[in-house]
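Participant: based on what follows, work out the 3D shape:
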Amino acid sequence: MFMPGRELHDNTQSTSIQPSKLNPTTPNKPKQEGFRKVCSTGEPIPCPIPGLASGVLEMRVKEGSKIRNLLGFAMSRFQGDGHVAPTSQVLFSGTGRAMTKTITCAEIMKRKVQGLHQVSKLQYRTVTEVWESQESGPVQMTIHRTLPSICILLSKEPLDQQEPGYQPPVETLSREGKWADGPHGNGKPAKRPPSPCSHDLPSLKRAALE
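Facilitator: This next block holds a predicted model:
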């Protein structure tokens, strides 16, 4: 429950309400659902993937982005549209609720373009949201949230296999028998190894939805 002029803290976010010209008739405990988001800003964070090419295509995925539009543009740049030379690397990045869509874009592109090397990195980003009361009295609430973020680099050129989060092309794993013949070559299909960050995704999704 919120009190004007007080600040709340927990493990994931801190909340502060800053009243201005409070009306004497304004309730001392404004309801959280009576607020609307005014703006949201996030502090810039450097890309956690080292050794990016100078011409890497950066695709910043948002919660409302259309996967068809993202992949259409990325594929045209990857293959060359006749006016711009084709790029050899594409970097998909997304924060919070956009993480699932970011991973989906990368997986679809790996199926459309063979031989892509992959490096995935997880990190956290601090986002500041300003909310304003829709009820009587100009009351503002500032929320500081720490959200999970993911960066996925897909490259036509080989990448450093010792880099944490590296994943070789699908064709390489299949040719070496790690998928097709199982670990003992018994002819039974083997399970695809999980993505380097897949074990963290359930908890990250829950954190993004809080």
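Participant: switch to C-alpha atoms for all contacts and neighbour counts from now on
Facilitator: Noted.
Participant: now do the SS call for residue 64.
Facilitator: The three-state label given to residue 64 by DSSP: H, G, I helix; E, B strand; the rest coil is coil.
Participant: quick one: it from residue 148, how far?
Facilitator: Distance of residue 64 to residue 148, computed by C-alpha to C-alpha, to the nearest Å: 17 Å.
Participant: with residue 90 instead?
Facilitator: Here the criterion is C-alpha to C-alpha. By it, residue 90 lies 20 Å from residue 148.
Participant: could you do residue 160 as well?
Facilitator: Applying C-alpha to C-alpha to residue 160 and residue 148 gives a distance of 25 Å.
Participant: the two - which one has more neighbours?
Facilitator: In terms of neighbours (other C-alpha atoms under 10 Å), residue 148 is the more surrounded of residue 160 and residue 148; the figures are 23 against 14.
Participant: may I ask which helix or strand of this protein has the lowest mean pLDDT?
Facilitator: Here the helix or strand of the chain ranked lowest by mean pLDDT, DSSP states H and E is strand 7-9, holding a mean of 39.
Participant: any low-confidence regions in this structure?
Facilitator: Along the chain, the model assigns pLDDT under 70 to residues 1-33, 82, 136, 172-210.
Participant: residue boundaries of the helices in it?
Facilitator: 67-79, 99-112, 170-175, 201-209 (DSSP state H).
Participant: what's the neighbour count on residue 51?
Facilitator: Per other C-alpha under 10 Å, the neighbour tally for residue 51 reads 8.
Participant: how far away is residue 135 from residue 39?
Facilitator: Per C-alpha to C-alpha, residue 135 is found 18 Å from residue 39.
Participant: residue 114 now?
Facilitator: Using C-alpha to C-alpha, residue 114 is found at 41 Å from residue 39.
Participant: and if you look at residue 75?
Facilitator: For residue 75, the distance to residue 39 - C-alpha to C-alpha - is 33 Å.
Participant: quick one: which of the two has more around it?
Facilitator: When residue 75 and residue 39 are compared for neighbours, residue 75 comes out ahead with 18 against 11, by other C-alpha under 10 Å.
Participant: which residues touch the more buried one?
Facilitator: Residue 75 is in contact with residue 109, counting by C-alpha atoms under 8 Å, 6 or more residues apart in numbering.
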